[in-house]
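Student: Sequence and computational prediction follow.
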Amino acid sequence: MTQDELKQAVAVAAIQYVVDGEIIGVGTGSTANFFIDELAKIKHRIKGTVASSEATAARLRGHGIDVFDLNDVTAIAVYIDGADEITHSGAMIKGGGAALTREKIVASVSAKFVCIADGSKLVDVMGKFPLPVEVLPMARAAVMRKLAALGGQPKLRLKAGSDQAFITDNGGEIIDVAGLSITDPVALEQDLNQVPGVVAVGLFALRGADVCLLGTSDGVKTLTF
Ligand SMILES: O=C(CO)[C@H](O)[C@H](O)COP(=O)(O)O
């Protein structure tokens, strides 16, 4: 199976976690996009959604699915999103699609986090995928020095085909940190959360996934944490 077929398979499997009559949190990225297209087929069953990015909101609305402002919502039944890496304990690196801050906020309000990923995302130790960190632009250099002091190789994310910084939906910039071997993701997330100028770190360990639907050539495997 191709990687896209695996993503499609987990997107289909995720529909069983959609709670009828409730608001669903929706992630960002290519796997989340497959899920959105599946969700559109049962949109009459849900109250609506909260989106983790402008791109996701646009895709949901394109399917005629209601998108609520998080400020108008008190509870989200389930949050469904992809990941760049996930461990056997449900900790994740996210933010390859630059939506980590809103993803973390929407996930924090959600009763359950269902991660949907192709099998290549399951790792023993995270860090092969560079860790995305969203920063306020004025703090970029200061935060990069701190990240280098932690042993990482920080690199400012650029707009594709340009030498300009990529700007997130929140007006922030993204630093991608290579070279980290993340043996204690909870401690690293706590430490990086304390660095002034960091808006959000793409480590989801303090609030990891509750379930991971993993696409493999043997079918969709369900990991629960
Ligand atoms: O965190 C994310 C976006 O910020 C994505 O969930 C992550 O990058 C995985 O993306 P894809 O499903 O395209 O592999």
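Tutor: Perfect, thanks for sending it. Note that the coordinates shown come from a computational prediction; the quantities given were computed from them, not determined experimentally.

Student: so what's the residue most central in space within the chain up against?
Tutor: In the chain, the C-alpha nearest the mean C-alpha coordinate belongs to Lys94, at 4.3 Å (Cα atoms, centre = their mean). Contact analysis of Lys94 by Cβ atoms under 8 Å, 6 or more residues apart in numbering lists 81-84, 100, 103-104, 132, 202, 204. Every residue, glycine included, has its C-beta placed from N, CA and C.

Student: Next one, pLDDT for it please.
Tutor: For Lys94, the model assigns a pLDDT of 98.

Student: quick revisit: closest to the ligand among the contacts of Lys94?
Tutor: Nearest to the ligand among the contacts of Lys94: Gly82, at 3.1 Å, using Cβ to the nearest ligand atom.

Student: what residues does the chain put near the ligand?
Tutor: Contact residues (Cβ under 6 Å from any ligand atom) of the chain with the ligand: 27-31, 81-84, 94-100, 103.

Student: mind listing which of those are in helices?
Tutor: 30-31, 100, 103 (DSSP state H).

Student: Of the residues of the chain next to the ligand, keep whichever come out buried.
Tutor: For the residues of the chain next to the ligand, a burial check counting by 16 or more other Cβ atoms under 10 Å picks out 27-29, 31, 81-84, 94-100, 103.

Student: Go through those residues and name the one nearest Ile182.
Tutor: For these, the residue nearest Ile182 by Cβ to Cβ is Asp84; the value is 12.0 Å.

Student: what's the spacing between the closest one and Leu158?
Tutor: Asp84 sits 18 Å away from Leu158, going by Cβ to Cβ, to the nearest Å.
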